[in-house]
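In: Please work out how this folds:
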Amino acid sequence: MRFYRYSAIIFILKDNVLKLYFIHLSLCLILKKFFCRMNQSKKFKNFSRRQFIRDISIVAGSFFIVPRHVLGRGFIPPSDKLNIAGIGCGGKAEVNLPYAFNNGAENIAALCDVDDRMSVKARQKWPNAPYYKDYRQLLDKEARNIDAVIVTTPDHMHAVISMAAMQLGKHVYCEKPLTHDIYEARILTQAAKKYKVVTQMGNQGSSGDDTRKTEACIQGGLIGDVHTVHVWTNRPVWPQGIATPTGKFDIPKELDWELWLGTAPQRDFNPTYLPATWRGWVDFGTGSLGDMGCHFIDVPYRALKLGYPIAVECSVGEVWTGFFQEAIYTDSYPPSAKIHIHFPARDKMVPVELIWYDGGIKPERPAELLPDEEMEDVNGGMIFEGTKGKLMAGLFGGNPTLLRTSKMKEAKFPAPTRPFVERGFEGHQTQWTNACKKGYGTYTSSSFDQSGPLVETVLMGNLAVRSYNYSEKDPKGNAVYPGRKKLLWDGTNMKITNFDAANQFVKRTYRGDWKLEL
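Out: I've put the predicted structure just below:
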């Protein structure tokens, strides 16, 4: 019984030195007991291996509840701080890392960025965290010291970094969009299940209250059977529809350009791509859809249980460099686009057409909306059209409003069924860290089994855009554009069935030795 008393004392002590003292005392007591029985040869035969292991287990239990900072990094009790590695330290990481750190509730255990300029703030905030430029070195050297990884890099590196972390059994939080390609999204979804890790995509609105309220309105039949959804954004807010930059520039000494390029095709350094304008270039980013589609499309995707689309078509903004001189820049996403994504009937719900607008294009103002009533917030909006009416909402499904707005006075909104997250969208990272400590299978708002298929749908829009501007030469040498039609999609097999050239945009070819293997 003395061992149990010592275990209890260790559990309630607050002073770390005293905890170590009582651990030492417990070990001494067991060893004393063991050697005493060895010396009592007649009685030693009664001291079984089972008894010894039992006593050792009691002290092991004492170790289990002592925090890692007392016992060393080899012990990972579930109630302890989560040790997190941040791969990508600037930009959105300046939000992700502090939210995950949660005022010291967790530990930022390692940092990585290919550009020292982007990591300045993080290294100042967590000076004791080892710092690397190459994520592969971080994972190799810090694997025993970390439990989870936050990936906040340009889109083209999301998949390979997340996969490498999951293969080591590390939980992963990856910024949106989850991946650059449709194929990558499918593979990461499968990997999370295979390696049994807790995952979360960085579309924080999926943890928001309004997302759940809007979802409940749609699923509760407030506007009947929804057949059409309009979604629009104010993006891009960076240059798009522009020529590939030229010229020779010195690579900043703080930047490892080869590591920054990673899986992308080789090209010379140009300051045009950094620090955030990479979003508009097809080799690195995913344009307006990748930036905001994971926020806006997430709401109807969940509410309507959309699954794989069956067709997609688009039109894009044209660029003119002179009188009747059109320029098609395939290295950059177009300045604007309108995309129609079609979904089949499912679960007794009617087929749905989701229409995406970006670059300043918006849907027609609903007739039910009065002339002076606002149709959107600064980031964009969404409108659901059903057989019994229309519902309008903003970013993250914010402020769901029936049209006409006068209906709001008597409307009875259904109660959300999906669990709320503490602190809403601001608790998105904390929800993930808490789930990591509970283990695989714990609910998160945007786990890869949910966000992976969503991202596949989002990236279908980019497949349509790139197919639209894909050109071939006719017998006379003139450019023709055979991808400007409705593209039919086989979601199960990840294949466009009526225009084979489009399938090159499902899965890109990595540069050099970079690979993505499950």
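
In: measure F324 to L395 for me?
Out: For F324, the distance to L395 equals 39 Å [CB to CB, to the nearest Å]. Glycine gets a C-beta too; all of them are placed from N, C-alpha and C.

In: of those two, who's got more company?
Out: For F324 versus L395, neighbours defined as other CB atoms under 10 Å are more numerous around L395 (24 against 5).

In: Could you pull up phi and psi at the residue lying closest to the more buried one once chain neighbours are set aside?
Out: Distances taken as CB to CB, 6 or more residues apart in numbering place N379 nearest to L395, at 4.5 Å, with adjacent residues excluded. Torsion angles at N379 (phi, psi; degrees, to the nearest 10) stand at phi -90, psi -20.

In: can you tell me which residues contact the residue sitting nearest the centre point of the chain?
Out: Centroid check for the chain by CA atoms, centre = their mean gives M201 as the closest residue, at 2.1 Å. Contacts were defined as CB atoms under 8 Å, 6 or more residues apart in numbering; by that measure M201 touches 173-178, 294, 446-448, 451, 455.

In: Out of these, give me the one that has the most neighbours.
Out: Neighbours here are counted as other CB under 10 Å. On that basis the top member of those is V455, with 36 neighbours.

In: Spit out the contact partners of that one.
Out: Contacts were defined as CB under 8 Å, 6+ apart; by that measure V455 touches 176-179, 182, 185, 201, 294.

In: tell me the contacts of E426?
Out: Contact partners of E426, counting by CB under 8 Å, 6+ apart, are 99, 204.

In: Show the pLDDT at it.
Out: Here, the pLDDT recorded for E426 equals 96.

In: Also D283?
Out: According to the model's per-residue confidence, D283 sits at a pLDDT of 98.

In: Secondary structure of it: a strand, I assume?
Out: No. Assigned with DSSP: H, G, I helix; E, B strand; the rest coil, D283 falls outside any strand and is coil.

In: So it is in contact with Q266, correct?
Out: No. In terms of CB atoms under 8 Å, D283 does not count as a neighbour of Q266; the distance is 10.1 Å.

In: So which of the two has more stuff around it?
Out: Legend: neighbour count by other CB under 10 Å for D283 and Q266, higher for D283 (20 against 8).

In: For W232, I want the exact helix or strand it lies within.
Out: Secondary structure from DSSP states H and E places W232 in strand 226-233.

In: In terms of secondary structure, what does that strand contact?
Out: Other helices and strands packing on strand 226-233, by 3 or more CB pairs under 8 Å, 6 or more residues apart in numbering; DSSP states H and E, are helix 294-296, helix 298-303, strand 352-358, strand 380-386.

In: which residues are contacting the next helix-or-strand element following it?
Out: Sequence-wise, the next helix or strand beyond strand 226-233 is helix 257-261, with elements assigned using DSSP H and E. Outside of helix 257-261, the residues within contact range by CB under 8 Å, 6+ apart are 114-115, 133-134, 154, 251, 267, 269, 274, 511.

In: Weed out the non-buried ones from those.
Out: Buried by 16 or more other CB atoms under 10 Å: 114-115, 133, 154, 267, 269, 274, 511, out of those.

In: give me the number of residues near Q325?
Out: Q325 has 8 neighbours, counted by other CB under 10 Å.

In: And the one 4 residues further on, by the same measure?
Out: A count of nearby residues for Y329, using other CB under 10 Å, gives 17.

In: which residues does it contact?
Out: Y329 is in contact with 241-244, 319, counting by CB under 8 Å, 6+ apart.

In: So it: helix, strand or coil?
Out: Looking at Y329 with three-state DSSP, the answer is coil.

In: which residue ranges form the strands in the stretch 351-500 of the chain?
Out: Using DSSP state E, counting those that start in this stretch, the strands found in the stretch 351-500 of the chain span residues 352-358, 380-386, 389-393, 401-403, 472-473, 479-480, 487-490, 495-496.

In: same question, the stretch 51-200 of the chain
Out: Counting by DSSP E, counting those that start in this stretch, one finds strands in the stretch 51-200 of the chain at the ranges 83-87, 107-112, 131-132, 148-151, 171-174, 199-201.

In: quick revisit: from the contacts of helix 257-261, pick the one nearest D347.
Out: Proximity of the contacts of helix 257-261 to D347 (CB to CB) peaks at P154, which lies at 36.7 Å.

In: The closest one reaches D283, doesn't it?
Out: No. P154 is not in contact with D283 according to CB under 8 Å; the separation is 9.7 Å.

In: Distance-wise, check T387 relative to A367.
Out: Relative to A367, T387 is positioned 16 Å away (criterion: CB to CB).

In: circling back to that earlier point, out of the strands of the stretch 351-500 of the chain, the one nearest G221 is which?
Out: Go through those one by one with CB to CB and the one that ends up closest to G221 is strand 380-386, at 8.3 Å.

In: Quick one: end-to-end length of stretch 364-373, please.
Out: End-to-end span of stretch 364-373 (CA to CA, to the nearest Å): 14 Å.
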